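Trainee: One predicted model, sequence on top.
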Amino acid sequence: MSSLPLSSPAPEPTPTATVADSAAVPAHQPEAGDLAVLAARAAGDDLLAPAVRLDSVVPAPERVEPDPTASFVLTGGTAIRVSAHPGARAVADHLAELLRPATGFLLPVADTRAVGPTGPLTLTLAATPASPAPAVERPTTDLGAEGYRLDVTTAEVRLVADTPTGLFYGVQTLRQLLPAAVENPTPVTTRWSLPGGTILDRPRFPYRGAMLDVARHFFAVEDVLRVIDHLARYKLNHLHLHLTDDQGWRIAVDSWPKLTTVGGASEVGGGPGGHYTKADYRRIVSHAAARHVTLVPEIDLPGHTNAALVAYPQLAPDKLAPPPYTGTEVGFSYVDPADEQTYDFIADVLGEVAALTPGPWLHIGGDEAFKVKGAVYTDFVERAQRIVADTGKTVVGWHQLAPAAHLDGRVLQWWGTDADDPTTADAVRRGARLILSPGNHAYLDMKYAEDTPIGHDWAGLIDVRRAYDWDPGTHVAGVPTAAVLGVEAPLWTESVTSLADIEFMLFPRLPAIAELGWSPRAAHDWAGFRERLAGHGPRWSTAGITFHRSPEIPWPATPTVPRQHRAPQNDPTTP
């Protein structure tokens, strides 16, 4: 793979300017950034240190080897060169899209010569050469499906991965190593420097995700796409969409059209609700795929089904339509487990959702079905699991599914608060794997503190340290690390009504969960994490992301006020 050296030494740059006080650079004048770099020559060598440290990345990489003698400066003459591979080219285009708005640089993207079928994918930032430089062999290791290696020298930035996904995650790291001003939507005059050294990085767990409840309150497609972008920023690779509940049915099903026209027309508090057409859902799937995020759709059964019963009362045990439900209680509704029509309904719905979803997972809920007990519940779940298998998908369900017979590949999502759970441990011994979502650590709908204006506290108050201080690999008694598929941070939306509310509850706790899922256990260190996380506050402010200014984190002084999105009212800690 070609390595592209600069044709001349990089000029010394100016100190980093903040977004608030920097002069805007017109998009048609990319050379303005170079003028700032040239002006810095007279400022002295003390200005050369990068604004960001190589070891400041969240989640923490597997290995970091800083080189304080080297840094790379992005200029108007920088180009992006990438392996001749469609997936790699898409990642290079994504990098250019991330960097162009704030830098004002053109950053042209071009293919290098093709690599062999087993060669690594390579993305290189360097000065635009007259022709590709000869290949330079560098030692690599087995990077796996999501790993990458990043080398930064004064001559180039070189990113290597075995897959486009690994290359994509390397780009997210590269993004964090640039000044926070890179998140600005318009050009900024500043020094675009990357710290020198090498990062070798691979994830600890293959499943790293978050859940968004769009049933209690409905959120537009654009809001979901922004959430996907937030996940990708921190190397989370699954978005679990809770699509159905008592308050609303959010996914179109052609064979049962009233599920959305009737069942989707409500939400908590009596709002208009809403639903995703199949075209909407495909758009979400496509955006997620471009960000290397897998969609996990949930159709909650046999409980949490009031919206479905409003639309189709023949599914109810008494065959009577209940009124639409706009409250927040749970456990009162269920589809009739004794009626064959129920299983026809389940097969139709799961079949259509599975056909829309390219990922391997199909979530069937299974929690809080308080009126379907004992053998009746177990028989229902076992039949539902088989219906999922008939679609070609792997079944996922909340850990209440544990007593049911094991089905090959079955995954239980554990949301308990007491880690001593013999029933779940027994299901693991029978072959189940776990996604860890402990309610008292990972539930992002819990309040940060008593005065948090939205959220719940039934699982306790969860600020950043509580979200961070646990180990998914050893959390549930009797469950070995090998049986843990990964982690997921759910956000239920009984009190969450806007995109700003979503972001406020996600940040800064989402990066904490991301680090537990990605970083090696040896890298977990609260003192180090809080220092690294603090540097992300200015990035979120610059990007217009609403977040909670947790007193546990030493945020930089005088934060920039986020633009575009309102913060939840009456929270004194919101920027």
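Mentor: Great, that's in hand.
Trainee: Okay, now the unreliable bits of the protein?
Mentor: Applying pLDDT under 70 to the chain flags the ranges 1-49, 113-119, 128-141, 558-575.
Trainee: try 90
Mentor: Scanning the chain for pLDDT under 90 picks out the ranges 1-51, 84, 111-121, 126-142, 557-575.
Trainee: so what's the backbone phi/psi at the residue nearest the centre of it?
Mentor: Nearest to the mean C-alpha position of the chain, counting by Cα atoms, centre = their mean, stands residue 231 at 1.7 Å. Main-chain torsions, residue 231, degrees, to the nearest 10: phi -60, psi -50.
Trainee: show me what contacts it?
Mentor: Taking Cβ atoms under 8 Å, 6 or more residues apart in numbering, we find residue 231 in contact with 209, 210, 237, 238, 239, 291, 293, 510. C-beta here means a position set from N, CA and C on the backbone, and glycine is covered the same way.
Trainee: farthest-separated two in those residues?
Mentor: The span of the contacts of residue 231, defined through Cβ to Cβ, is set by 291 and 510 at 14.7 Å.
Trainee: Flag every buried residue along the lengthiest strand in the chain.
Mentor: For the chain, the strand that runs over the most residues, judged by DSSP state E, is strand 63-74. Neighbour counts using 16 or more other Cβ atoms under 10 Å place 64, 66, 70, 71, 72, 73, 74 of strand 63-74 among the buried residues.
Trainee: Packing partners of the helix or strand that it is followed by?
Mentor: Where DSSP states H and E defines the elements, the next helix or strand beyond strand 63-74 is strand 78-82. Other helices and strands packing on strand 78-82, by 3 or more Cβ pairs under 8 Å, 6 or more residues apart in numbering; DSSP states H and E, are helix 86-103, strand 109-111, strand 121-127.
Trainee: picking that back up, dump the buried residues of strand 63-74 into JSON lines; add distance to residue 170 as well.
Mentor: Below are these laid out as JSON lines (distance: Cβ to Cβ, whole Å):
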{"residue": "64", "distance to residue 170": "13"}
{"residue": "66", "distance to residue 170": "17"}
{"residue": "70", "distance to residue 170": "18"}
{"residue": "71", "distance to residue 170": "18"}
{"residue": "72", "distance to residue 170": "14"}
{"residue": "73", "distance to residue 170": "19"}
{"residue": "74", "distance to residue 170": "16"}
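Trainee: So which residues of the stretch 401-550 of the chain form helices?
Mentor: Under the criterion DSSP state H, counting those that start in this stretch, the stretch 401-550 of the chain contains helices at 422-429, 439-442, 464-468, 499-506, 509-518, 526-534, 536-543.
Trainee: do you know how far the residue nearest to residue 81 when sequence neighbours are not counted is from residue 170?
Mentor: Sequence neighbours aside, residue 124 is the residue nearest to residue 81 in space, at 4.5 Å (criterion: Cβ to Cβ, 6 or more residues apart in numbering). For residue 124, the distance to residue 170 (Cβ to Cβ, to the nearest Å) stands at 12 Å.
Trainee: quick one: contacts of stretch 497-508?
Mentor: Applying Cβ under 8 Å, 6+ apart, the contact partners of stretch 497-508 are 210, 212, 217, 219, 223, 226-227, 230, 269, 444-445, 454-455, 464, 489, 491, 493, 495-496, 533, 536-537, 540, 545-548, 550, 553, 565-568, 571, 574.
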